[in-house]
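1. Test case, fold it:
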Amino acid sequence: MNISYMLYQAERQPSIIEQREADARLGELAAAVARAGRALKAGVTRRAGGSRPQAPVIPGDDLVPVTSPRC
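-> Modelled structure (predicted):
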């Protein structure tokens, strides 16, 4: 490794074009990671047997009787 070149790159401020290219590459990487995560989640959900997520259960929700309001 050329340490002096690495120091030069660290101290030098990138141009606007270089920064935009770096941002575009980072965005593409983030999109690829998100796609992989969604595919992994879909595979786990499919394997678990659920096609849709279940509604969360609220503790104690079944203890309160539901009554209609009186007018």
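
2. Tell me the spacing between Ile16 and Asp23.
-> 10 Å (Cβ to Cβ, to the nearest Å). Where you see a C-beta, it was placed from the backbone N, CA and C, and this is true even at glycine.

3. So which of the two has more stuff around it?
-> Asp23 (10 against 7; other Cβ atoms under 10 Å).

4. so which strand or helix has the more buried one?
-> helix 16-48 (DSSP states H and E).

5. again, but for Gln13
-> Using DSSP H and E, Gln13 falls outside every helix and strand.

6. tell me the phi and psi of it?
-> Comment: the main-chain dihedrals of Gln13 come out as phi -90, psi 130, following degrees, to the nearest 10.

7. Return the distance of it relative to Glu21.
-> 15 Å.

8. if you count what's nearby, which of those two comes out ahead?
-> When Gln13 and Glu21 are compared for neighbours, Glu21 comes out ahead with 12 against 6, by other Cβ under 10 Å.

9. Next one: the more buried one from Thr45, what distance?
-> Glu21 is 36 Å from Thr45, by Cβ to Cβ.

10. for Val33, same thing?
-> 19 Å.

11. more crowded one of the two?
-> Thr45 (13 against 10).

12. Model confidence score at that one, please.
-> Note for Thr45: predicted pLDDT of 75.
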